[in-house]
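1. Predicted coordinates and the sequence they were generated for:
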Amino acid sequence: MTRSRTRVDAHVKVLDDDVVALAKERGIDALVYAPHFTRLPTIRERAARYTDDELTVVPAREVFTGDWGNRRHLLVLGLSEPVPDYITFEAAMTEFERQDAAVLVPHPGFATISLTRPEIAAHADRLDAVETYNTKLLPHQNARTRRIAAETGQPGFGSSYAHLRGTVGEAWTEFDAALDDADAVVDAFREGGSRTVVHRGGAGHQLRGLVEFAHLGYENTWEKLDRLFLSGDEPTLPSNVAYEGKFNDVSVYSGSLSDFRPK
């Protein structure tokens with residue numbers, strides 16, 4: 001690679017040929033791919049399939065800690081072993097530390113799904129970055145994320161947070177280094193590499209953000225209702241056979257999440 005800087009769209013949920021083409025068109029060098037309710041081996045396989053000389057796809061997990069009504073999302077890069085959703089926050093953090101993963105805070109302070117400023121301050125030494133620009137968030141919400149990062153002394157990062165293909169590359173984290181592969185991207189986040197958070201501008205960018213924000217309402221209603229109550233065991237539940245009972249004692253639910261019975 002001849003570039004001296006690396007543009008990383010640090011959180012996307014979608015990945016296919018169209019996503020890759022748009023990312024390249026917009027000058028993105030790396031995508032952090034972290035789809036919901038998808039196990040790490042599947043994410044890794046898809047990331048490897050779409051990685052080439054022009055674009056690195058970094059496999060990651062947005063882990064849901066806590067129960068559904070009071071969950072805390074953590075964006076985790078560099079995992080060597082799968083970690084399920086819906087385990088306690090402390091158990092998740094302990095596992096991330098054991099694996100020496102990079103732990104990022106997406107959309108801080110947003111609704112009931114994100115770490116708050118006091119929580120980020122309390123765990124500052126265990127976190128590697130706080131999101132300071134998210135295309136899905138409204139302007140006042142992004143202003144709040146920047147304040148949270150500044151007040152807690154955390155490095156920032158930016159992402160499109162694309163759940164829809166057309167949003168990929170609307171925002172990114174630009175590192176002052178050539179990051180040649182997924183491991184280098186993980187290291188840059190974990191080691192606090194120098195970076196700038198950048199986003200596209202204009203009416204088109206604002207519209208993409210509003211479309212994504214509107215999609216959030218759908219995603220957290222009918223789609224999740226079907227997934228949780230009608231679809232049975234999810235592959236990232238602690239009770240899934242793939243985890244071999246390793247996380248049963250730190251699960252926040254008894255049995256299947258479709259039972260929806262907190263311990």
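-> Yep, it's here.
2. Can you check which strand is longest in this protein?
-> Among all segments of the chain classified by DSSP state E, the strand with the greatest residue count is strand 56-65.
3. which residue ranges form the strands in the chain?
-> Taking DSSP E, the strands of the chain run over residues 6-12, 30-33, 56-65, 72-77, 102-105, 129-134, 156-159, 171-175, 195-199.
4. Next, the angle strand 6-12 makes with the longest one.
-> Following axes from the mean of the first three to the mean of the last three C-alpha atoms, to 10 degrees, one obtains 40 degrees for the angle between strand 56-65 and strand 6-12.
5. helices and strands around strand 56-65, which ones?
-> strand 6-12, strand 30-33, helix 40-50, strand 72-77, helix 89-98, helix 182-190 (3 or more C-beta pairs under 8 Å, 6 or more residues apart in numbering; DSSP states H and E). From N, CA and C alone the C-beta is placed, and that goes for glycine too.
6. Using PDB, write out the CA atom coordinates for it.
-> Extracted as PDB, the C-alpha positions of strand 56-65 are listed here (Å, rounded to 0.1, in the frame of the first residue of the first chain):
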ATOM      1  CA  THR A  56     -10.000  -4.600   4.500                       C
ATOM      2  CA  VAL A  57     -13.000  -5.900   6.300                       C
ATOM      3  CA  VAL A  58     -12.400  -6.300  10.000                       C
ATOM      4  CA  PRO A  59     -14.600  -8.900  11.800                       C
ATOM      5  CA  ALA A  60     -16.200  -7.500  15.000                       C
ATOM      6  CA  ARG A  61     -19.100  -8.100  17.400                       C
ATOM      7  CA  GLU A  62     -21.500  -5.500  18.900                       C
ATOM      8  CA  VAL A  63     -22.100  -7.400  22.100                       C
ATOM      9  CA  PHE A  64     -25.300  -6.800  24.000                       C
ATOM     10  CA  THR A  65     -24.600  -7.000  27.700                       C
END
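7. Give me the nearest residue to Y253, chain neighbours excluded.
-> With C-beta to C-beta, 6 or more residues apart in numbering as the measure, Y86 is the residue that lies nearest to Y253, at 5.7 Å, once sequence neighbours are left out.
8. er, D187 actually
-> Closest residue to D187 apart from its sequence neighbours, by C-beta to C-beta, 6+ apart: G193 at 7.6 Å.
9. And for the one you found, the neighbour number?
-> The number of residues packed near G193 is 18, by other C-beta atoms under 10 Å.
10. All good on my end, thank you.
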